[in-house]
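K.L.:
only geometry, no sequence info:
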């Protein structure tokens, strides 16, 4: 099953980037899908709307998949993205959980590469 889940996500990401549309993602998400980020949690429709809105200004971004891993009902996608028009280079980690053949939950963390070095010593700030 994990190979199938990995393939599903790989194809969905490729379709999203080439089509510029979330249409291919919609049937992969459960009706109760929840998307988590450090700053907020979104419902299925909220997440699809935000992804579709982001695709317009980010149409020319370059996405390099660094890792695509599957373990049982989870798929992890680690990407480096170069945003268009001189925008920042970012690293994104997405973790997706499957149940009954659909993505039911996803977690996303985004880090601008320019800030990465300062985040490597966060523990020194805690006293």
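P.N.:
Sure, I can see it. The shown structure was predicted, so the numbers you read here are calculated from the model rather than taken from an experiment.

K.L.:
Give me the spatial nearest neighbour of residue 67, chain neighbours excluded.
P.N.:
Once flanking residues are discounted, residue 67 sits nearest to residue 78: 4.0 Å by CB to CB, 6 or more residues apart in numbering. For every residue, glycine as well, the C-beta is placed using N, CA and C.

K.L.:
so where do the helices sit in the chain?
P.N.:
For the chain, helices defined by DSSP state H occupy the ranges 2-19, 44-55, 113-119.

K.L.:
Serialize those helices to a markdown table and add fields for distance to residue 28, mean neighbour count and mean pLDDT.
P.N.:
Putting those into a markdown table (distance: least, CB to CB, whole Å; neighbours: other CB atoms under 10 Å; pLDDT from 0 to 100) gives the following:
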| stretch | distance to residue 28 | mean neighbour count | mean pLDDT |
| --- | --- | --- | --- |
| helix 2-19 | 6 | 15 | 88 |
| helix 44-55 | 11 | 15 | 93 |
| helix 113-119 | 29 | 10 | 79 |
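
K.L.:
Please identify the one among those that comes closest to residue 82.
P.N.:
helix 113-119 (9.3 Å; CB to CB).

K.L.:
my read: residue 98 touches residue 6, true?
P.N.:
No. Judged on CB atoms under 8 Å, residue 98 makes no contact with residue 6 at a distance of 10.1 Å.

K.L.:
where do the contact lists of the two overlap?
P.N.:
When CB atoms under 8 Å, 6 or more residues apart in numbering defines a contact, the residues bordering residue 98 and residue 6 alike are residue 75.

K.L.:
can you pull the contacts of the residue nearest to residue 67?
P.N.:
Residues near residue 78 by CB under 8 Å, 6+ apart: 65-69, 91-93.

K.L.:
buried subset of these?
P.N.:
residue 91 (16 or more other CB atoms under 10 Å).

K.L.:
Next step: the contacts of residue 78 restricted to strands.
P.N.:
Residues of those located in strands (DSSP state E): 65-69, 91-93.

K.L.:
now, the most widely separated pair of the residues you listed?
P.N.:
69 and 91 (15.2 Å).
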